[in-house]
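Undergrad: please find the sequence and the predicted model below.
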Amino acid sequence: MTIKEILKTLCLSPSVSGDEAMAGESLRRCLAETGPELKSDALGNFIAVMNPEGSPRIMLEAHLDKIGFIITGIDEKTGFLRIDKVGGSDARVCPAQRVSVFGKRELKGVIISTPPHLAKGDSKKVTPINELAIDCGLPFSEIKDIVSLGDRAMITASFYEMGENIVCAPYLDDSAGAAVLIRAAEILKEKGSKARVELVFSSREEVGGMGAKTAAFASEAGYGIAVDVSFASAPGVKDENSAPLGSGAMIGVSPVLQRKVSDMLKKAAEENGIPHTIEVLGRSTGTDADDIVISKSGILTGLVSVPIRNMHTPVEIADVTDIESAAKLLAEFTAKID
């Protein structure tokens, strides 16, 4: 599969935090050409191990879960579904969006939007997500047998190409990171790497990072690299907090991360001509790296990110060459430890 094919498969797979199991089959298809068996654990992490008896031991991690909604109520008069947010869903972009609701079967719906003619008060005020509702076009008598409280829902949007290397899709956070891991595994197989590499597609990052915590605790790795997304250059985004699309992998430098690992990543990029930028984070990283680094007695941890625009919206934008750069960086980092 090409990077675009992998991305499309992952972006369009349902995987709202705490309910990631439905994405397992999509992951298996994406990893089919690489070979490692994909297993899941008690917290919903998906883990594949390359060269189980190999050395050194490295954990490559990206979160599989996505932001979305949880059903909190069903209106008996209208059949509308009341919701609350799961993770960092942005209330500004929710009204009038198409959604999928994952009950006993998948339902299509829309988030209700009050017409501007009837809007009361300050029209610029953002309606909180817990005051919104989903209309699936079904009365209460029908929908109550399909949807239960606690079921998940997510915005549905298209995956489309905007240029030779630019793609627009929902949930590039963190389907882009997962694609980096899959592509890195392909490169490592081509190289004939003997390292024991754990590919961890973790659960629940958007609601606290519990999946990465438990996966890192169970891991036997001496090194861990978290792969996530960060901010691409755009209006309203400061240059020092972002990187241009197409500029390559973003290598994290933070007081939370071991400088040794950040330097090793930087050296691997420089020696192999891999496009990259340095992302300086003054405190914690806000990614699963913060939890991996303190697991057990500590894991040597780094952070590699892919720049995207419009984070946490249905129209996130990425450059696939940045995903390729990040994958090559992980492969060369692994080879360097070898």
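TA: On my side now, so go ahead.
Undergrad: what bits of the stretch 201-338 of the chain have low per-residue confidence?
TA: 338 (pLDDT under 70).
Undergrad: which residue ranges of it form helices?
TA: With helices called from DSSP state H, counting those that start in this stretch, the stretch 201-338 of the chain shows them at 210-218, 259-271, 289-292, 320-337.
Undergrad: contact partners for the residue nearest to the spatial centre of the chain?
TA: Note on the chain: the residue nearest the mean C-alpha position is residue 174, at 1.6 Å, using Cα atoms, centre = their mean. Taking Cβ atoms under 8 Å, 6 or more residues apart in numbering, we find residue 174 in contact with 62-64, 205, 227-229. For every residue, glycine as well, the C-beta is placed using N, CA and C.
Undergrad: what's the most distant pair in the residues you listed?
TA: 64 and 229 (13.3 Å; Cβ to Cβ).
Undergrad: comparing those two, which shows the higher neighbour count?
TA: Neighbour comparison, residue 64 and residue 229: the larger count goes to residue 64, with 28 against 24 (by other Cβ atoms under 10 Å).
Undergrad: list the contacts of that one.
TA: 15, 20, 23, 27, 45-46, 174, 178, 201-203, 211.
Undergrad: ok, now residue 41?
TA: Applying Cβ under 8 Å, 6+ apart, the residues near residue 41 are 47, 214-215, 218.
Undergrad: ok, which stretches of the stretch 51-200 of the chain are strands?
TA: 57-63, 68-74, 81-86, 98-102, 106-111, 133-135, 152-155, 160-161, 166-169, 196-202 (DSSP state E, counting those that start in this stretch).
Undergrad: what is the burial count for the closest residue to residue 189 other than its chain neighbours?
TA: Of all residues not flanking residue 189 in the chain, residue 34 sits nearest, at 5.6 Å (Cβ to Cβ, 6 or more residues apart in numbering). Using other Cβ under 10 Å, residue 34 is surrounded by 18 other residues.
Undergrad: next, residue 34: secondary structure please.
TA: coil (DSSP: H, G, I helix; E, B strand; the rest coil).
Undergrad: state the pLDDT value of it.
TA: At residue 34 the predicted local distance difference test score is 88.
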